[in-house]
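Visitor: Okay, sequence plus prediction incoming.
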Amino acid sequence: MSFFKTITTKPWEKKGVIGGLDPEGAINAPNEKVALSVFLVVISVVFSLFTVGYFLRMELPDWQPLSEPGQLWFNTGLLVLSSVLFQWARNIVNSESSKHLTAAFIGGGFFAIFFITGQLVIWSNLQDAGYYMTSNPANAFYYLMTGVHAVHLLGGLWVWSKSSIKLLSGSEAKSLKLSVELCTLYWHFLLIVWIVLFAILSNT
Amino acid sequence: MAYVPLADRDHEMELHHPHTWIGKWVFCQDHKVIAIQYGSIAIFTGLVGLVLSLLFRMQLGFPETADFIDPSFYYQAVTMHGMIMVIYLLTALFLGGFGNYLIPLMCGARDMVFPFMNMLSVWVFLVSVIILMASFFVTGGPTGGGWTLYPPQTTLAGTPGHDMGIVLMLISLAVFIVATTMGGLNYVVTVLQYRCRGLTLMRLPLAVWGIFVATILALFAFPALLVAAIMMLFDLLLGTSFFMPAIIESGTPLDHNGGSPILFQHLFWFFGHPEVYIVALPAFGLVSDVLSVHARKNIFGYRMMVWAIIAIGGLSFVVWAHHMYVSGMHPYFGFFFATTTLIIAVPTAIKVYNWILTLWEGDIRLNAPMYFAIGFIFTFIHGGLTGLFLGNVVIDLPLSDTYFVVAHFHMVMGVSPVLVVFAAIYHWYPKMSGRMYHEGMAKLHFWCTFLGTYAIYLPMHYLGFLGVPRRYYALGSTDFLPASAQDLNTTITIAALFVGASQLLFLINIIWSLRSGPKAGPNPWGAASLEWQTPDTPPVHGNWGDSLPTVYRWAYDYSVPGAHQDFIPQNTPESEEPTVDAEHFDPDTDGSKADV
């Protein structure tokens, strides 16, 4: 039932049980997935507001654009690979199989760790080259936005590490299906966020 | 296949029955205990905020009679009072307190969807309060930059708490937002997924609708405060210039350059205005239920009430800049925000009309919750009407930063929600504790609070018209103010002290009644919504005994013609409706009114 139709019903008219097993209006998905979806919207708001702040601050005269290092392309590739491996893991658990699941799921997490390491290397290189956070707002935004993105990945890696331990200690693929799905959804989302951030940082 | 409600089908849903005192009262995953923990922490913090307000009122009413209230302390007290009341009292109490207690019960669920995360939420909230309170004990004390925390003033020497105080405030807010997000995800998913069989969204009580939409607002608005807090912490601790412009402090140029304080204001108020409705929408919902139950009538215009809650929620995100008219903006920008501000008054007014029409020809029972609920209608109309003044740019400019603004926002989002808090606590107290409170003391509490707050805030409007500026430690000798303005200030302070002291009536009443109040019975008000139909009072862990309820009707079947009682519980099937011949129905012998 559409939302509009739902809120135009007249509850005082109809008596008796309405709806089937699930309450009318409930989302046909695991609760964890519903919660994660809402949380992704919240994170989107956070990054949107940083982006709005970025564009507004950019208008002021002291802004000196930062030339983003080429290594970011390499790091982006790492994150794409991470996401691809998570998708592979998801396809494996969805097909009721467990072959290569460990490689795909654990590998996906490791490529995310490589991505964060790569981001830290770029931070270090920028520092060495004199691009300090305090020297220009464009630099400050670069560190801030890439940092906040990395923190979100670290949060994902915490969940991934718990599931990985279960996987390595012999848990059945079936029991990890939801965790793998949620990790995949989260990783795809953070990949999209990164691509948008990268596009903004590179083109301004 | 036998029907197994969603909450019982969910294999992830495990009720962690506590076996120890610590498990039951400290690290508890029962939503009702968490609600009481949330509520207790919030009320304790609110009492600190109340005492702070009385202290700075002492300075305004009786200047320089208390030695320890120096200008620094005054600004710190004003700042902490504002932040505590808005965030740590009202937001936490409505969402964490009432949200936690009522959502699972009104939805016919055993608990929240994620009980562990729910428990984590209250503990993280406590951490945020501890960090906030710690700022009283650090060098320089808490921040005194005003509750809006505007840079660059907040961070400059000369503003009290410009060093550690503001840092702790920002960290505390960030931690609070983590707690709210964990709680908020729980509330939203529980309302969507854990309603019992037959409980459609449009059969939910308005209390749940108000808390549900307010939670969505909180989830989307608090990120703006988080972003602002993070960027300001960067400015403070790492030396960036997101908000900090080039500035000279005590003759010394600071390292900051080119930042935009206005950017902070936009971020702050993008959170700050929805925050008004994060507090107001749960209050609207709760008061709707209290009015309907005690008027023995269904809520007037239920659908329109739901639509108004949704409309207000949506519109609340496009009015924020009406807090910033004096900061300078393009005239079309001001026009836009003035227009949206006036538009949001329409659904709000619809709600007021519907509350009044709910009372119209009702079988009104004038007990303490009803006193507070009706009192709320008065204060909300007064506070709302002055909002129409301030929403207009040309009227706002001269009144900005005067006591008119202080009077407006205290009436509309201070006194009004607090009256609903009291209405709701008195109304649900019998369910929460199993005991009745002392009715006479509660009514006395109402009259002291209601008349007392009018004695405080009505004269403030007049002070505002005179041009008395807010936030000033002392007015000094100003030509444009008559000497009588000080007399008015003294009167306001006396009223404030009286109102503050009268809250002891409330505390004594609810604490005394826990042990000594008469037994309440399961449904002393004769209410139709689900929380009053639990097999145990107070409800035990799991709420519903062996099986979850099934809902057959909406939550407002009151005074249904021909029914034996003047209410029909939501979980009563049509076939079991006790009916009598309407001509022989004697409401005076109606059993539902017993036990009160």
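Guide: Cool, got the structure.
Visitor: Report the contact partners of residue 132.
Guide: You didn't pick a chain, so chain A it is. A:N139 (CB atoms under 8 Å, 6 or more residues apart in numbering or on different chains). Heads up, the C-betas are built off the backbone N, CA and C, glycines and all.
Visitor: please go with chain B instead
Guide: B:45, B:80, B:83-84, B:88, B:142, B:168-169, B:172.
Visitor: how about low-confidence regions in chain B?
Guide: B:1-16, B:577-596 (pLDDT under 70).
Visitor: Chain A too?
Guide: In chain A (pLDDT under 70), the answer is A:1, A:21.
Visitor: got the buried residues for the longest helix along chain A?
Guide: Ranked by residue count and defined by DSSP state H, the top helix of chain A is helix A:137-168. Within helix A:137-168, the residues scored as buried using 16 or more other CB atoms under 10 Å in any protein chain shown are A:137-150, A:152-153, A:156-157, A:160, A:163-164, A:167.
Visitor: For chain B, tell me which of those show up nearby.
Guide: Among the buried residues of helix A:137-168, the ones lying near chain B by CB under 8 Å from any CB of the partner chain are A:137, A:140, A:144, A:148.
Visitor: what are the ranges of the helices in the stretch 251-400 of chain B?
Guide: B:261-295, B:302-315, B:331-359, B:368-391, B:393-399 (DSSP state H, counting those that start in this stretch).
Visitor: out of the ones you listed, deepest packed?
Guide: helix B:261-295 (a mean of 26; mean count of other CB atoms under 10 Å in any protein chain shown).
Visitor: how far off helix B:302-315 does it point, in degrees?
Guide: Angle of helix B:261-295 versus helix B:302-315, following axes from the mean of the first three to the mean of the last three CA atoms, to 10 degrees, is 170 degrees.
Visitor: and the residue nearest to the spatial centre of chain A, how far is that from A:T76?
Guide: Nearest to the geometric centre of chain A sits A:L190, at 2.5 Å (CA atoms, centre = their mean). Shown here: A:L190 relative to A:T76, a distance of 12 Å by CB to CB, to the nearest Å.
Visitor: same deal with B:E531?
Guide: In terms of CB to CB, B:E531 sits 52 Å off from A:T76.
Visitor: And what about B:G158, helix, strand or coil?
Guide: Secondary structure, DSSP: H, G, I helix; E, B strand; the rest coil: B:G158 is coil.
Visitor: for it, what are its contacts?
Guide: B:249-250.
Visitor: Likewise for B:F335?
Guide: Applying CB under 8 Å, 6+ apart, the residues near B:F335 are B:V393.
Visitor: That one and A:V80, how far apart?
Guide: Relative to A:V80, and taking CB to CB, B:F335 is found at 46 Å.
Visitor: for B:R197, same thing?
Guide: 45 Å.
Visitor: Compare the two and say which is more crowded by neighbours.
Guide: A side-by-side neighbour count of B:R197 and A:V80, using other CB atoms under 10 Å in any protein chain shown, places B:R197 first with 23 against 15.
Visitor: Could you find the closest non-adjacent residue to the more buried one?
Guide: B:T550 (4.6 Å; CB to CB, 6 or more residues apart in numbering or on different chains).
Visitor: In this structure B:V129 contacts B:G46, no?
Guide: No. The criterion here is CB atoms under 8 Å, and B:V129 misses it with B:G46 at 10.8 Å.
Visitor: what touches both of these two?
Guide: In contact with both B:V129 and B:G46: B:Y88, using CB under 8 Å, 6+ apart.
Visitor: can you confirm B:P459 is in a helix?
Guide: Yes. Assessed by three-state DSSP, B:P459 belongs to a helix.
Visitor: Backbone torsions only: list them for residue 65.
Guide: Answering for chain A, as no chain was given. phi -60, psi 140 (degrees, to the nearest 10).
Visitor: Chain B, not that one
Guide: phi -90, psi -30.
Visitor: how about it, what does it touch?
Guide: B:M58.
Visitor: Equivalent analysis for the one 10 residues further on, please.
Guide: Under the criterion of CB under 8 Å, 6+ apart, the contact list for B:Y75 reads B:144-146, B:159-160, B:471, B:473.
Visitor: try it again with 7 Å
Guide: B:144, B:160 (CB atoms under 7 Å, 6 or more residues apart in numbering or on different chains).
Visitor: Also B:R303?
Guide: A:K10.
Visitor: do the same with A:F3
Guide: A:F3 neighbours (CB under 7 Å, 6+ apart): none.
Visitor: secondary structure class for the nearest residue to B:I510 once chain neighbours are set aside?
Guide: What sits nearest to B:I510 in space, not counting adjacent residues and going by CB to CB, 6+ apart, is B:Y437, at 6.2 Å. Applying three-state DSSP to B:Y437 yields a three-state assignment of coil.
Visitor: related to what we said a few turns ago, please list the members of the contacts of B:L132 that lie in helices.
Guide: B:45, B:80, B:83, B:168-169, B:172.
Visitor: just to revisit the earlier point, of B:E531 and A:T76, which one has the most company?
Guide: B:E531 (25 against 16).
Visitor: any idea which element the nearest residue to that one once chain neighbours are set aside lies in?
Guide: Distance criterion CB to CB, 6+ apart; nearest residue to B:E531, sequence neighbours excluded, is B:L105 at 3.7 Å. Per DSSP states H and E: B:L105 is located in helix B:100-107.
Visitor: which strands and helices sit next to that helix?
Guide: Packing partners of helix B:100-107 (3 or more CB pairs under 7 Å, 6 or more residues apart in numbering or on different chains; DSSP states H and E): helix B:31-61, helix B:164-193, helix B:206-233.
Visitor: just the strands in chain A please.
Guide: Applying DSSP state E to chain A gives no strands.
Visitor: interface residues of the stretch 251-400 of chain B facing chain A?
Guide: B:255, B:257-258, B:260, B:263, B:267, B:298, B:302-303, B:306-307 (CB under 7 Å from any CB of the partner chain).
Visitor: For those, work out which two are farthest apart.
Guide: B:D255 and B:N298 (63.6 Å; CB to CB).
Visitor: Count the neighbours of the residue nearest to B:H273 when sequence neighbours are not counted for me.
Guide: Leaving aside its chain neighbours, B:H273 sits nearest to B:W320 (4.3 Å; criterion: CB to CB, 6+ apart). By other CB under 10 Å, the residues close to B:W320 number 25.
Visitor: ok so, going back, pick out whichever of the contacts of B:L132 sits closest to B:W209.
Guide: When the contacts of B:L132 are compared against B:W209 (criterion: CB to CB), the nearest one is B:Y88, at 24.6 Å.
Visitor: can I assume that closest one is in contact with B:A42?
Guide: Yes. Assessed by CB atoms under 7 Å, B:Y88 is found in contact with B:A42 at 6.4 Å.
Visitor: Could you find the closest non-adjacent residue to B:Y454?
Guide: Nearest to B:Y454 is B:T379, by CB to CB, 6+ apart, at 7.9 Å.
Visitor: no no, B:A66
Guide: B:M58 (5.5 Å).
Visitor: ok now do that neighbour, which residues does it touch?
Guide: B:65-66, B:69, B:493.
Visitor: Report the buried members of those residues.
Guide: Applying 16+ other CB under 10 Å to the contacts of B:M58 flags B:69, B:493 as buried.
Visitor: just the contacts of B:M58 now: which is nearest chain A?
Guide: The closest of the contacts of B:M58 to chain A turns out to be B:I69 (CB to the nearest CB; 37.8 Å).
Visitor: Save the ones next to chain B among the buried residues of helix A:137-168 as CSV, and put in distance to A:G70 too.
Guide: Below are these laid out as CSV (distance: CB to CB, whole Å):
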residue, distance to A:G70
A:P137, 23
A:A140, 21
A:L144, 21
A:V148, 23
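Visitor: circling back: can you tell me which of the helices and strands packed on helix B:100-107 is packed in deepest?
Guide: Counting by mean count of other CB under 10 Å, the most buried of those turns out to be helix B:206-233, with a mean of 26.
Visitor: which helices and strands does that helix pack with?
Guide: Using 3+ CB pairs under 7 Å, 6+ apart: helix B:206-233 touches helix A:31-58, helix B:100-107, helix B:164-193, helix B:261-295, helix B:302-315.
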